[in-house]
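Visitor: dropping the sequence and predicted coords here.
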Amino acid sequence: MNEKLWKKIVAFDFESPSDEYGFSTRLAHENSWTKSFTEQAILEYKKFMYLAATSDFMVAPSEIVDIVWHQHLLFTQSYHEFCKLLGKQIQHIPSTHNKQDADKFRQAKERTGQLYESNFGEQPKSIWEYHTMFESLHLEETKLKISSIIIIGIIAFFFATFPAYYLLRPLYIKLDNPYFMFGLIGSAILISKLLEHYNNRQLKAIVTKTDKSSFVYHLQPLELVYLKTNQLKNVIIGVLNGLMDNGTLIINSNKAIELVNDNTKANKEERAILSILEETKSLFYPNLVERLQTKPVFSNTANIMEAFKKYGTKSKEFGSLFVTNFTVWLVFLLLCYTRITIGMERDKPVGGIIFTTIVLSVFIGVKLFRLTKKMTTVTIPDLYKDTILTTEQIENNWLWRYFLSGNAVLMASFIPLIHLSDEKSNGWSSSGSGCSSCGSSCSSCGGCGGD
């Protein structure tokens with residue numbers, strides 16, 4: 001192996017620090033890739049290009065590596081400089097899908113695997129064997145969407161009301177209301193507990209069936225914060241707190257966030273914050289969060305995690321779980337509806353059972369809605385807490401502590417700003433217009449935190 005060349009390849013930076021929609025951000029956005037997966041795909045692309053530069057034979061990329069290659073070709077200046085570093089102009093040769101080409105690319109793929117193994121060891125399956133990032137989850141797509149399942153279930157419910165009426169009428173006539181109500185509420189509690197246990201077990205089985213090389217086992221703390229809370233604001237809070245903790249930002253006397261020190265080691269998320277504050281000098285917390293939510297480096301986190309959620313809920317495995325829950329609850333509601341029908345037919349007071357049925361219907365709707373989010377909001381975060389994270393990781397990276405403990409690990413001076421941001425009468429808007437709280441002109445206080 002040419003160690004000197006490989007070190008130069010590893011050191012080659014595809015990014016332009018001043019570009020907020022740079023190479024890796026764009027790559028992640030267009031393909032719904034997590035941060036770690038994007039970094040790994042770029043590294044594997046570099047390994048592939050090393051093999052292409054040092055081999056006298058044709059080599060073939062995986063589909064994921066080819067995506068990175070296509071992206072790099074669009075960055076013409078960067079690609080030209082990279083090939084210059086390689087000492088060889090690497091041409092991208094598309095397949096024409098004829099038999100001769102198929103044989104040539106198959107041989108190239110086999111040769112690539114051998115060269116890779118001799119230079120870098122075993123090829124990671126997540127990049128070289130799978131066609132997409134999500135394929136490592138081993139989830140088969142369901143034929144029925146959740147909306148279709150609900151429609152079919154409701155239709156089946158109404159068809160089932162007729163046989164339920166004739167089957168349950170003899171029993172319901174003998175069963176007094178107080179006993180039925182107690183049994184109904186008790187049954188709802190018992191069913192809820194049993195389904196909760198069943199769902200936890202099934203969702204854990206779905207998640208743990210993935211390859212250990214899968215992106216699921218390599219999520220970043222801020223990605224998990226979004227999965228857990230469904231709030232992009234909480235991701236931004238984590239980055240802001242880190243910059244305050246290292247002295248780059250402060251909360252000034254006007255309760256605005258102010259830039260006081262340069263940070264040459266800032267990552268992309270931090271640079272997005274610093275670029276805004278370099279222009280405005282200071283901003284109030286709500287204004288800053290509002291602007292940051294549109295920045296690609298932050299919106300990417302939300303978009304990618306949402307794509308992950310949708311992929312999970314569209315799987316056959318989750319579809320089966322949802323059908324089980326929905327069917328059990330529909331049968332339960334059928335018992336209530338039948339009781340109401342028979343009671344009205346017999347001129348019995350049914351106001352209590354109608355009210356209880358409405359309350360239980362809302363309760364069931366909430367339970368089913370939460371089930372659609374549970375894999376990402378509970379199961380995966382719990383997997384990290386219980387299995388993946390080590391004590392060393394938690395101690396060495398405060399963002400992992402933030403993921404585990406939330407606002408409890410934030411700076412004491414920052415927490416009041418977060419709580420106040422949801423109050424419309426906090427005075428931020430008025431102070432931003434007149435600067436009365438600054439006691440000086442806007443120019444001398446950095447615009448009072450305004451835009």
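Guide: Nice, thanks for sending it over. Worth saying up front: this structure is predicted, and the values here are computed from it rather than measured. Numbers count the residues shown, from 1 in each chain.
Visitor: by contact count, what packs against the one helix or strand residue 270 maps to?
Guide: Of the helices and strands defined by DSSP states H and E, residue 270 is found in helix 268-280. Using 3 or more C-beta pairs under 8 Å, 6 or more residues apart in numbering; DSSP states H and E as the contact criterion, the neighbours of helix 268-280 among helices and strands are helix 232-245, strand 257-259, helix 285-292, helix 296-313. Every C-beta, even on glycine, is put in place using the N, C-alpha and C of the backbone.
Visitor: nearest residue to the middle of this protein?
Guide: Compute the mean C-alpha point of the chain, and by C-alpha atoms, centre = their mean the closest residue is residue 305, 1.9 Å away.
Visitor: so it sits against residue 226, correct?
Guide: Yes: Residue 305 sits in contact with residue 226 when judged by C-beta atoms under 8 Å, with a separation of 4.9 Å.
Visitor: so residue 33 versus residue 305, what's the distance?
Guide: Using C-beta to C-beta, to the nearest Å, one gets 11 Å for the distance from residue 33 to residue 305.
Visitor: hang on, I meant residue 87
Guide: In this view, residue 87 and residue 305 are 41 Å apart by C-beta to C-beta.
Visitor: pLDDT below threshold where in the stretch 201-350 of the chain?
Guide: Where the stretch 201-350 of the chain drops to pLDDT under 70, the residues are 263-264.
Visitor: got it, and the stretch 51-200 of the chain?
Guide: Counting by pLDDT under 70, the stretch 51-200 of the chain contains low-confidence residues at 94-102.
Visitor: and the helices and strands packed on helix 268-280: which comes nearest residue 184?
Guide: For those, the distance to residue 184 is smallest for helix 296-313, at 30.1 Å, taking C-beta to C-beta.
Visitor: next SSE after that closest one?
Guide: According to DSSP H and E, the helix or strand after helix 296-313 is helix 316-345.
Visitor: that next one: how far from the chain's middle?
Guide: Here helix 316-345 is found 32 Å from its chain centre; the criterion is C-alpha atoms, centre = their mean, to the nearest Å.
Visitor: show me what counts as buried in it.
Guide: 317-319, 321-323, 325-326, 328-330, 332, 334-343 (16 or more other C-beta atoms under 10 Å).
Visitor: what's in contact with the one helix or strand residue 82 maps to?
Guide: Using DSSP H and E, residue 82 sits within helix 76-86. Contacts of helix 76-86 from elsewhere in the structure, counted by C-beta atoms under 8 Å, 6 or more residues apart in numbering, are 5, 8-9, 12, 14, 23, 49-50, 52-53, 72-73, 89-90.
Visitor: just the ones in helices from the residues you listed, please.
Guide: Mapping the contacts of helix 76-86 onto helices (DSSP state H) picks out 5, 8, 9, 23, 49, 50, 52, 53, 72, 73.
Visitor: show me what counts as buried in stretch 239-250.
Guide: Within stretch 239-250, the residues that qualify as buried are 239, 240, 241, 242, 243, 244, 248, 249, 250, counting by 16+ other C-beta under 10 Å.
Visitor: pretty sure the last one contacts residue 240?
Guide: What it means is residue 250. No: at 11.3 Å, residue 250 and residue 240 do not qualify as touching, with contact defined as C-beta under 8 Å.
Visitor: which elements pack onto the strand or helix carrying residue 182?
Guide: Residue 182 is located in helix 177-208, with elements delineated by DSSP H and E. Packing contacts for helix 177-208, counted by 3+ C-beta pairs under 8 Å, 6+ apart, involve helix 316-345, helix 351-374, helix 380-383.
Visitor: out of those helices, the one nearest residue 178 is which?
Guide: Minimum separation from residue 178 across those (C-beta to C-beta) falls at helix 351-374, 9.5 Å.
Visitor: returning to what we had before: and of the helices and strands packed on helix 268-280, who's closest to residue 57?
Guide: In this view, the helices and strands packed on helix 268-280 are compared for proximity to residue 57 by C-beta to C-beta, and helix 296-313 is the closest at 36.5 Å.
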